[in-house]
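>>> how does the following fold in three dimensions:
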Amino acid sequence: MSTNNGASAKGLKQVGYFDCPGGGQVVVDGRVAFIAHMKAPHGTTLVDVSDPAKPRQLAAIEVPAGTHSHKVRATNGLMLVNREAVPANQPRPRVAGGLGIYDVSNPARPREITFWKCGGAGVHRFTFDGRYAYLSPEMEGYVGNIVMILDLADPARPQEVGRWWMPGQWTAGGETPSWPGRHHRCHHPIRQGNRLYVSYWHGGFVILDVEDLAKPTFVSGLDWSPPFITPTHTAVPIPFPLRGRRVLLVADEDVAKLEPGPPSFLWLVDISDERHPTPFASFQVDGVDGSPQPEFTGCHQPVEHITSTEIPVAWFAYGLRVVDVADPHAPREVAHFLPPVPEGSSRVSSNDVWVDDRGLIYLIDRGRGLSILERV
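Below you'll find the predicted structure:
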């Protein structure tokens, strides 16, 4: 069916829209949406979504030229945002990369508490559980981003708790990488229980034991790039069994291809025996063939807080895809939403998705605009 704003939808209805510069991430805490933007001077916008049909800006934070602040997390009145230099293929002035920590107990007046600095280009992606932040920073002496855990019990004084890196990254310690450039680097750590599930770009993913946060230890990993051409973006453990098995949902990102080829897709990996992760199924949007496609066409980011077998996934040029994994051997699409092409863009680029406690789905476009949806 078609919606009245030019969007294409099945099983989803748009209930609201917030016009804003393009974003890399959206999260919702309470009735406030936090939008992290792709390009300076736009940093983070805080939006009242109490009435999803009438989202209202509360505050906006700007960032200096040469940086972007495209990731955000917020919980219990605390907001974390990344600071990272613009991509290496663009002019890169010297900037202070790291993590901004804000008091947002009054979301209309965010107040910076402190700024945690790191080396290199800064912090890329991260998660936050209200006490600990799990980061992917660049640090002096290492090639590419590593895993780091920060304790924010006192937000004004972040303390490093532990770090982990793929052997070969610590060049200052005499290690030599077996891969070219920054191909193997931490992208996105996600914690569940005493495990960190870490996407590692063209290094696949790793599972780390963090029973002792000061000493993360390697449990297992799996690297399928090559032969597959796209890097691993996110590894999300499904928090309930599927047909008696523990399953990891793994999204490759449709960028930085090793060679021209088809768009990236979604994997299901059996981690019942976590020391031997085993891919056993995948999902691709119907109608996509094996021909080469431009970057930002295929899979990008699944929702990270999984509460049912229906999993919303931001799928770049294909908008939002809701994938049902109730039968994990045969994942299938049960709903989709393709927003109108934003003004100034040549096509849709759905970058991130969040589901709030009301079941509302928030979809941010890399070019422009936040869509608020509900399942029908």
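>>> drop to CA atoms for contacts and neighbour counts, all remaining ones
Fine.
>>> okay, now the unreliable bits of this protein?
1-6, 87-95 (pLDDT under 70).
>>> find the residue at the geometric middle of it.
Gln301 (5.9 Å; CA atoms, centre = their mean).
>>> quick one, what contacts the residue lying closest to that residue once chain neighbours are set aside?
Nearest non-adjacent residue to Gln301, counting by CA to CA, 6 or more residues apart in numbering: Ala314, 5.1 Å away. By CA atoms under 8 Å, 6 or more residues apart in numbering, the residues touching Ala314 are 299-303, 320-321, 350-353, 363.
>>> just among those, which is most surrounded?
In terms of neighbours by other CA atoms under 10 Å, the contacts of Ala314 top out with Ser350 at 34 neighbours.
>>> show me what contacts that residue?
Counting by CA under 8 Å, 6+ apart, Ser350 makes contact with 314-320, 363-366.
>>> in strands only, show me those residues.
Residues of the contacts of Ser350 located in strands (DSSP state E): 314, 320, 363-365.
>>> could you measure from Asp352 over to Gly66?
Using CA to CA, to the nearest Å, we find Asp352 at a distance of 23 Å from Gly66.
>>> Leu80 now?
Per CA to CA, Leu80 is found 20 Å from Gly66.
>>> which of these two has more neighbours?
Leu80 (23 against 18).
>>> now do the strands in the stretch 201-350 of the chain.
Using DSSP state E, counting those that start in this stretch, the strands of the stretch 201-350 of the chain run over residues 205-209, 217-222, 232-237, 247-252, 266-270, 278-283, 301-302, 310-314, 320-324, 332-338, 350-355.
>>> wait, which of the ones you listed is closest to Gly162?
With CA to CA as the measure, strand 217-222 is the member of those nearest Gly162 (10.5 Å).
>>> parallel or antiparallel, which strands does that closest one pair with?
Note on strand 217-222: by DSSP bridges, its sheet partners are strand 205-209 (antiparallel).
>>> who touches the partner strand?
Applying CA under 8 Å, 6+ apart, the contact partners of strand 205-209 are 194-200, 216-223, 232, 235, 274.
>>> the residue nearest to Gln301 and Glu62, how far apart?
Distance from Ala314 to Glu62, by CA to CA: 25 Å.
>>> Pro41 and Pro137, how far apart?
To Pro137, Pro41 is 22 Å away according to CA to CA.
>>> okay, the ones in strands among the contacts of Ser350 in a markdown table with distance to Val26 next?
Converted to a markdown table, the ones in strands among the contacts of Ser350 look like this (distance: CA to CA, whole Å):
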| residue | distance to Val26 |
| --- | --- |
| Ala314 | 12 |
| Leu320 | 14 |
| Leu363 | 8 |
| Ile364 | 6 |
| Asp365 | 10 |
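>>> surely Leu320 touches Ile311?
No - using CA atoms under 8 Å, Leu320 makes no contact with Ile311, being 10.2 Å away.
>>> pull out the buried residues from stretch 206-224.
Using 16 or more other CA atoms under 10 Å as the test for burial, stretch 206-224 gives 206-210, 213, 216-218, 220-223.
>>> and if you look at stretch 53-61?
Result for stretch 53-61 [16+ other CA under 10 Å]: buried residues 55-58, 60.
>>> neighbouring contacts of that stretch?
Outside stretch 53-61, the residues that touch it by CA under 8 Å, 6+ apart are 15-18, 42-49, 107-110.
>>> and which of the residues you listed is nearest Ser282?
Nearest to Ser282 among those, with distances taken as CA to CA, is Val15, at 30.7 Å.
>>> in JSON lines: the contacts of Ala314, plus distance to Thr278.
JSON lines is the format used below for the contacts of Ala314 (distance: CA to CA, whole Å):
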{"residue": "Cys299", "distance to Thr278": "20"}
{"residue": "His300", "distance to Thr278": "21"}
{"residue": "Gln301", "distance to Thr278": "21"}
{"residue": "Pro302", "distance to Thr278": "20"}
{"residue": "Val303", "distance to Thr278": "22"}
{"residue": "Leu320", "distance to Thr278": "27"}
{"residue": "Arg321", "distance to Thr278": "24"}
{"residue": "Ser350", "distance to Thr278": "29"}
{"residue": "Asn351", "distance to Thr278": "27"}
{"residue": "Asp352", "distance to Thr278": "26"}
{"residue": "Val353", "distance to Thr278": "26"}
{"residue": "Leu363", "distance to Thr278": "31"}
